[in-house]
Structures are given as structure tokens and as C-alpha cells.
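[1] Just a sequence and a predicted model for now, questions to come.
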Amino acid sequence: MSVRKFIGLLWIVAMLAILYSPSALQLPVQGGNTVTGEGSALQTMSPFIGYLRSNYRVVIVNSTESLLAQMNNTGRMTYLLIGPDRGHGLSSEEARVISNRYLNGSLSLLIAEGNSTNNAFLSYLFHIKVPGDVIRDLTSPFLDDRVFTSPVELGQDNVTAVFDIASPIILQNPSGMIPFARSSPNSTEISNDPLLHANETRGQRTVAVSGVMNSSRAIIVSDSAPFSTAYSVRLPRFGVDEQAFVKSMMEWLTISDKNTTIVLDNVHYRSLAINVPGSSNISLPIGRLFAAALSYWISSTDSIYSGLTKSTGVFAILIVILTTWSIYGVLVSKYSSENRGKDDRPLPRIERNILAESREKVNFRTTTRTSGFYASTLQQLNVVLGQVLTREFGLDTSSITIDPLASRLGEQGARRAIRIFARLSDIAEFAEGKRRFLFPPIIRWKRTTEVLTGEVEEILNALGLTIFVATDKKQVNFMLRRGQTK
């Protein structure tokens with residue numbers, strides 16, 4: 001292939017990447033500065049927002065003006081403020097309007113934060129405060145003792161929640177708030193500020209409280225993870241179902257009234273850019289500009305592309321894919337931040353627990369090795385998995401069916417497990433030389449190993465087992481132990 005044809009292929013790849021880019025070039029007019037969009041903390045709460053929208057009418061407010069305008073509407077409302085950034089607390093006007101509606105019985109609210117941002121508001125309305133210190137539960141079943149579980153005493157549901165870096169809630173007398181989630185009696189605190197000394201006395205720490213005023217209800221939680229990063233966590237060993245925990249709070253707040261309007265605050269977060277009011281901008285879409293320039297260039301060099309099309313025919317798309325992948329490999333090898341490991345380097349002993357990973361596990365995941373290493377690792381994982389299935393069900397990975405799995409994993413989980421077992425069996429045959437090719441082919445062995453190992457861990461956790469990894473020179477050994485619920 002000539003250099004000109006190669007450059008032409010690169011232009012095609014670049015066009016596909018840039019053409020669909022939503023970015024636009026902002027040209028300030030009348031002396032104004034460039035205006036860019038604001039960052040949104042709601043991205044980490046998208047599953048929770050999906051649940052809200054499927055059950056309630058949801059209004060997301062993006063400015064103080066829209067928040068105050070929504071508060072002036074009539075009807076039952078529930079206000080949600082999840083994880084506001086430090087230094088971005090409620091303004092005096094916002095606090096006044098929200099307090100008045102709460103006190104007159106027309107507004108319920110839920111605030112989830114682990115810092116002292118809104119302590120003035122919380123102290124005035126609920127007689128509580130959040131110091132911002134981090135709870136350490138020394139009886140935590142996780143490697144990170146800042147992550148702990150707690151039984152929830154709210155409404156009629158008996159659920160267990162997991163808290164990931166929470167702060168104690170201190171009730172001031174008199175306070176009408178009632179604790180419904182606490183850490184264990186063997187808990188202490190550490191301070192985020194090295195100049196301040198935290199309360200290190202061992203004892204239970206309150207992490208969630210509820211209260212009722214007239215017809216209004218309120219919940220204060222000192223951790224926003226249940227609504228964002230930990231929303232989808234389910235740990236059958238510990239009885240944890242985070243979605244059930246969040247659902248119980250929302251149903252208690254709204255009294256299970258699906259006609260309630262949910263006002264979700266998207267105001268009190270840091271902005272990624274500065275907006276200059278009063279300035280106007282000319283927006284030039286980068287994708288369209290690039291497409292126009294590329295179209296002109298292609299038309300001016302039509303002979304090159306005509307020759308390329310005639311010489312490659314239907315294989316043109318294959319050439320484009322191989323060229324793109326080659327360039328990607330060169331860039332990764334030269335500029336990737338990952339460490340290049342060797343097969344003969346011993347891996348550290350790793351044990352994984354849900355929600356917390358050791359530093360050795362992180363180093364292992366960021367070290368790149370050959371495809372043969374990963375194929376051998378997955379082959380050993382298939383052997384261990386086959387032994388587990390033989391012990392639990394009397395069948396190995398190649399012969400087990402959906403029916404025996406469904407009784408332990410559910411029908412949907414069983415179907416997913418069957419697909420994973422089949423894929424592992426194919427990879428094991430490939431590693432043993434019994435299979436010449438894999439279909440679909442594996443391009444990124446490291447990513448495939450990570451995904452399959454994680455999926456197998458979920459299946460084993462559902463069966464009451466915990467998988468951990470030990471290393472021996474050039475190979476990885478998978479071992480199991482049966483979990484004990486604490």
C-alpha cells in the first residue's frame with residue numbers, strides 16, 4: 001500500500017471519530033469569554049434516577065431560580081439533595097423556602113451528605129449536625145473498615161444496607177429525629193483534617209435518621225453512596241440489597257404515593273467551567289466543519305480513492321479495522337501508563353472482598369502480560385469452576401443445564417451462568433490446544449480475563465463461596481472458601 005493510500009485510510013478513521021463528536025467551537029462575541037457546559041453529579045446516580053422516573057414524576061432543577069420556582073408550586077413534593085460538594089451548601093433563601101414548606105406539612109425531603117456543608121440548615125431545622133469525620137467499623141467484613149453494613153429499622157421492611165465512608169450524625173437535644181441505621185458498637189472515627197482530633201471512643205455511630213413534622217417527612221443519611229456508586233450492590237452473604245434500602249426510604253418519604261413530585265437538586269455541585277452571563281457566542285460544530293473539509297479533500301484526490309476501492313473491493317473495511325488497531329497498539333505501547341510485566345514475575349497474593357480491593361490487586365490489574373498467560377489463567381479458572389459445579393450439582397461446566405442452576409441462581413442468573421461456562425470451556429480448549437480458533441475472537445485478553453473473573457466471582461458469591469488468588473512463579477492458582485455470614 002502506498003503512503004498516500006495509507007494516509008487516506010487514516011483520514012477515514014479520523015472522520016468517523018470526529019464526525020459524531022458533539023463538541024463545538026465557541027467563538028466569543030462582544031468581548032465575552034468562551035462558555036462551556038457544567039459538570040453534573042447526576043451521572044453517577046443514573047440507575048437511581050431511572051428508578052425514580054419509573055415510579056414518580058421527577059423534576060431536575062439546575063439553578064437556584066428554578067429550585068425556588070418549583071418550591072412555589074402547589075401539591076405534595078419530595079426534595080432530594082444527594083452528596084452536595086463541600087462549600088456548595090444551600091443559600092439562605094433556599095433554606096428559608098425549604099424550611100417553611102417542610103414546617104407547614106407540604107414538603108418531604110431527603111438529604112444525603114457526609115460533610116459539614118449544610119450543618120447550619122440541619123441544626124436549625126432538625127437539631128442535628130454532621131461533623132464530617134469518617135466512621136471506622138472494626139467489625140467490618142470488608143478489607144476497608146470504612147465500609148460496613150447496618151440493619152435498617154424504617155417502616156415495615158427489614159433490610160440491610162452497606163455504607164461506604166459515612167460520617168456520624170450527632171443528635172442535639174431536643175431533637176425529633178429518630179436513628180434508623182447505626183454502625184456496630186465496635187466503631188470509632190478518624191478525622192479528615194490532620195489539625196483536628198476525632199472522637200476515638202468506641203461505640204455505635206448513627207448514620208441515618210428520620211423525622212415527621214405535621215404531614216412532612218424527612219430522612220438524613222450521612223453517605224451518598226447508596227444512591228450512586230453502591231446503588232446496585234447486592235451481597236446475599238450479608239443480606240445486603242442496596243436497591244431495597246433506597247426503595248424503602250423513598251416509599252416511607254412519599255407514603256407510597258406515586259403522584260408525588262420528586263424535586264432532584266442539581267445545583268449544589270462544582271462547575272467544570274465558568275459561565276459569563278451576558279456574553280453571546282458563535283457555535284461552530286467541529287464534526288460538520290471537519291466533514292466538509294474532508295469531503296472537499298476527497299473530491300480533489302478522487303483518483304486515489306478510486307484506485308483504493310478497485311484494489312480492495314469488499315476488503316476495504318477489514319483494512320480500515322486492522323490499520324486502526326495497529327495504530328492503537330503503537331500508541332498504547334509508547335504512551336500507556338500501564339506497567340509492562342513479565343510472565344516470570346511472581347504475582348502478589350491477592351484476596352478480593354466485595355467493595356474493597358487490596359493494593360496488590362490493583363497493581364495486578366494494571367500490569368499487562370501476554371495472551372498465553374491470560375489463556376492459561378482462564379483455563380485454570382475453568383478447572384476450579386468445574387470442580388465446584390461437580391461438588392454442588394454433580395455436573396461439570398460442559399454438561400450442566402439451566403434447571404439445576406435455576407434453583408440457586410434464578411432463571412435469568414442460570415442462563416447467564418450457562419453462557420459464561422460455555423465461553424470458559426471454549427477458552428480452556430483453546431489453551432490446551434484442542435481448539436485452533438476462538439469465535440468470537442478475543443482481541444483484548446486482559447479485559448476479557450477481568451470481565452470473566454468478575455462474572456465467575458458473582459456466581460460463586462451467589463452460591464455462598466468466595467474466590468481468591470494465589471500465585472506460584474509463572475501461573476495463577478484459584479482457590480475457594482465457603483463464606484461465613486457475620
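    Now that the structure is in, tell me what you want to look at. Residues are numbered from 1 along each chain as shown.

[2] what residue ranges in the chain score low on pLDDT?
    Within the chain, the stretches with pLDDT under 70 are 1-6, 13-41, 174-175, 194, 271-292, 294-314, 332-368, 467-486.

[3] Show me it divided up by domain.
    Here the domain assignment for the chain is 3-32+278-335, 41-265, 350-482, based on automatic domain parsing.

[4] what's the distance between the second one and the middle of its chain?
    Centroid separation for domain 41-265 versus its chain: 19 Å, with Cα atoms, centre = their mean, to the nearest Å.

[5] Make CSV from the domains of the chain and add mean neighbour count to it.
    No exception for glycine: its C-beta is placed from N, CA and C like everyone else's. Putting the domains of the chain into CSV (neighbours: other Cβ atoms under 10 Å) gives the following:
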stretch, mean neighbour count
domain 3-32+278-335, 12
domain 41-265, 18
domain 350-482, 16
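
[6] What segments of the stretch 1-150 of the chain are strands?
    Under the criterion DSSP state E, counting those that start in this stretch, strands of the stretch 1-150 of the chain are mapped to 24-29, 57-61, 77-82, 107-112, 128-129, 134-137, 147-154.

[7] helices or strands next to the fifth one in the packing?
    Read it as strand 128-129. In terms of contacts (3 or more Cβ pairs under 8 Å, 6 or more residues apart in numbering; DSSP states H and E), strand 128-129 is packed against helix 119-126, strand 170-171.

[8] Would you mind giving these as CSV with distance to Y56 added?
    Conversion of the helices and strands packed on strand 128-129 to CSV gives the following (distance: least, Cβ to Cβ, whole Å):
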stretch, distance to Y56
helix 119-126, 23
strand 170-171, 30
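
[9] Distance to V246 for the strands of the stretch 1-150 of the chain - can I get that in TSV?
    Shown next, in TSV, are the strands of the stretch 1-150 of the chain (distance: least, Cβ to Cβ, whole Å):
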stretch	distance to V246
strand 24-29	37
strand 57-61	14
strand 77-82	11
strand 107-112	10
strand 128-129	21
strand 134-137	20
strand 147-154	10
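
[10] Which among these is found nearest to R202?
    strand 134-137 (9.9 Å; Cβ to Cβ).

[11] sorry, back to before: let me know which of the helices and strands packed on strand 128-129 is the nearest to P404.
    strand 170-171 (51.1 Å).

[12] what comes into contact with that closest one?
    H127, I128, K129, V130, P131, M177, P179, T206, V209 (Cβ atoms under 8 Å, 6 or more residues apart in numbering).

[13] And the fifth one, how close does it get to N115?
    The spacing between P131 and N115, counted by Cβ to Cβ, to the nearest Å, is 9 Å.

[14] who touches both of the two?
    Counting by Cβ under 8 Å, 6+ apart, the residues touching both P131 and N115 are S167.

[15] Could you list the paired strands of the helix or strand that I262 is a member of along with their orientation?
    Using DSSP states H and E, the element containing I262 is strand 261-265. Looking at strand 261-265 with DSSP bridges, its partner strands are strand 57-61 (parallel), strand 77-82 (parallel).

[16] Leaving aside the residues adjacent along the chain, what's closest to Y56?
    Spatial nearest neighbour of Y56, chain neighbours left out: I262 (4.7 Å); criterion: Cβ to Cβ, 6 or more residues apart in numbering.

[17] can you tell me which residues contact that neighbour?
    Here I262 is in contact with L52, Y56, R57, V58, V59, M77, T78, L80 (Cβ under 8 Å, 6+ apart).

[18] again, but for E200
    Counted by Cβ under 8 Å, 6+ apart, E200 has contacts T188, E189.

[19] Next one: the nearest residue to I443 once chain neighbours are set aside relative to R423, how far apart?
    Of all residues not flanking I443 in the chain, W325 sits nearest, at 7.5 Å (Cβ to Cβ, 6+ apart). Distance from W325 to R423, counting by Cβ to Cβ: 22 Å.

[20] Which element, helix or strand, includes A181?
    Per DSSP H and E: strand 178-182 holds A181.

[21] okay, the angle between that strand and strand 147-154?
    For strand 178-182 against strand 147-154, the angle by axes from the mean of the first three to the mean of the last three Cα atoms, to 10 degrees is 150 degrees.

[22] longest helix of the protein?
    Selection of the longest helix in the chain by residue count, based on DSSP state H, yields helix 402-431.

[23] was I right about L405 contacting R416?
    No: shown here, L405 and R416 do not form a contact pair, counting by Cβ atoms under 8 Å, at 9.5 Å.

[24] for S123, what are its contacts?
    So, once contact is read as Cβ under 8 Å, 6+ apart, S123 ends up touching K129, Q172.

[25] Distance of it relative to I400?
    59 Å.

[26] repeat for L389
    6 Å.

[27] swap in T466?
    21 Å.

[28] and what of F421?
    Distance from F421 to I400, by Cβ to Cβ: 7 Å.

[29] Now for the two: what residues contact both?
    Residues touching both F421 and I400 (Cβ under 8 Å, 6+ apart): L389.

[30] coming back round to it: out of the strands of the stretch 1-150 of the chain, flag the one nearest D241.
    Among these, the nearest to D241 by Cβ to Cβ is strand 147-154 (10.3 Å).

[31] For that closest one, which strands pair with it and how are they oriented?
    Applying DSSP bridges to the sheet, strand 147-154 is found paired with strand 157-164 (antiparallel).

[32] neighbouring contacts of the strand it pairs with?
    In contact with strand 157-164 (Cβ under 8 Å, 6+ apart) are residues 135, 146-152, 181, 183, 207, 223, 225-226, 229-230, 233, 235, 238-242, 244-245, 248, 355.

[33] can you give me the strands for the stretch 351-486 of the chain?
    Going by DSSP E, counting those that start in this stretch, the stretch 351-486 of the chain shows strands at 367-368, 465-472, 475-482.

[34] quick revisit: same list, the contacts of I262, but as JSON lines with distance to S99 please.
    Shown next, in JSON lines, are those (distance: Cβ to Cβ, whole Å):
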{"residue": "L52", "distance to S99": "24"}
{"residue": "Y56", "distance to S99": "23"}
{"residue": "R57", "distance to S99": "23"}
{"residue": "V58", "distance to S99": "23"}
{"residue": "V59", "distance to S99": "20"}
{"residue": "M77", "distance to S99": "14"}
{"residue": "T78", "distance to S99": "15"}
{"residue": "L80", "distance to S99": "16"}
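
[35] Pop out the phi and psi values for P440.
    Taking degrees, to the nearest 10, you get phi -70, psi 150 for the backbone angles of P440.

[36] tell me the contacts of it?
    Per Cβ under 8 Å, 6+ apart, neighbours of P440: none.

[37] Could you measure from it over to S224?
    According to Cβ to Cβ, P440 stands 39 Å off from S224.

[38] swap in G132?
    13 Å.

[39] overlap in contacts of the two?
    Taking Cβ under 8 Å, 6+ apart as the contact rule, G132 and S224 both touch G114.

[40] still on that earlier bit, and of the contacts of I262, the nearest to L110?
    L80 (5.1 Å).

[41] Report the beta-bridge partner residues of that closest one.
    With DSSP bridges as the rule, L80 is bridged to L110, L264.
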